[in-house]
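> Here you go, sequence then predicted model.
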Amino acid sequence: MTLAGCAQKEIEESKAIMPEETEYVLPAAASERTITIYADGSWVADVTEDWLSIDPTSGEGTVPVVLSAEANTPDTAREAKIIIRDPATLSEVEVTVRQKIERIRDIDTVTMTQD
């Protein structure tokens with residue numbers, strides 16, 4: 001039995017999804033970094049922490065994406081994961097993003113003189 005007027009968009013399965021790198025280190029200051037996601041089909045991406053975002057969050061094929069990190073003001077480095085999935089098979093790849101701390105933020109200015 002065929003139903004007229006019903007159309008279903010087929011999701012193209014990715015056989016390979018690969019980020020440019022599997023680990024990135026960002027400075028403590030608010031920053032952006034463009035990376036590339038390589039795929040031979042569709043993909044979607046999520047981040048595990050609120051201080052990091054990715055744009056776009058989905059694509060098809062090889063796509064440059066922008067990572068945006070808020071400033072890291074606590075006294076500890078932090079880490080987030082970007083999870084890139086194939087929407088058809090739900091296979092996934094993880095990318096680790098670490099953000100440094102600002103080590104000289106609370107240091108007083110010192111003037112040195114030579115005798």
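Thanks, I have it.
> what bits of the chain have low per-residue confidence?
Along the chain, the parts satisfying pLDDT under 70 run over 1-14, 103-115.
> What segments of it are strands?
Along the chain, the stretches classed as strands by DSSP state E are 17-19, 23-26, 31-39, 42-47, 52-55, 58-60, 63-69, 78-85, 92-99.
> Could you export those strands as a markdown table, including mean neighbour count?
For the C-beta atoms, the positions are set from N, CA and C on the backbone; glycine is no exception. Shown next, in a markdown table, are the strands of the chain (neighbours: other CB atoms under 10 Å):
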| stretch | mean neighbour count |
| --- | --- |
| strand 17-19 | 18 |
| strand 23-26 | 16 |
| strand 31-39 | 15 |
| strand 42-47 | 18 |
| strand 52-55 | 16 |
| strand 58-60 | 15 |
| strand 63-69 | 16 |
| strand 78-85 | 18 |
| strand 92-99 | 17 |
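> Neighbours of the nearest residue to residue 28 once chain neighbours are set aside, how many?
Spatial nearest neighbour of residue 28, excluding adjacent residues (CB to CB, 6 or more residues apart in numbering): residue 102 at 4.0 Å. By other CB atoms under 10 Å, 14 other residues sit near residue 102.
> Wait, residue 25 touches residue 95, no?
No - using CB atoms under 8 Å, residue 25 makes no contact with residue 95, being 12.0 Å away.
> Wait, the residue nearest to residue 28 touches residue 29, no?
Yes - Residue 102 is in contact with residue 29 according to CB under 8 Å; the separation is 7.4 Å.
> In the sheet, which residues pair with the spatially closest residue to residue 56 that is not a sequence neighbour? Tell me.
Of all residues not flanking residue 56 in the chain, residue 65 sits nearest, at 6.2 Å (CB to CB, 6+ apart). Beta-bridge partners recorded for residue 65 (DSSP bridges): residue 35.
> Before I go, just wanted to say thanks for your time.
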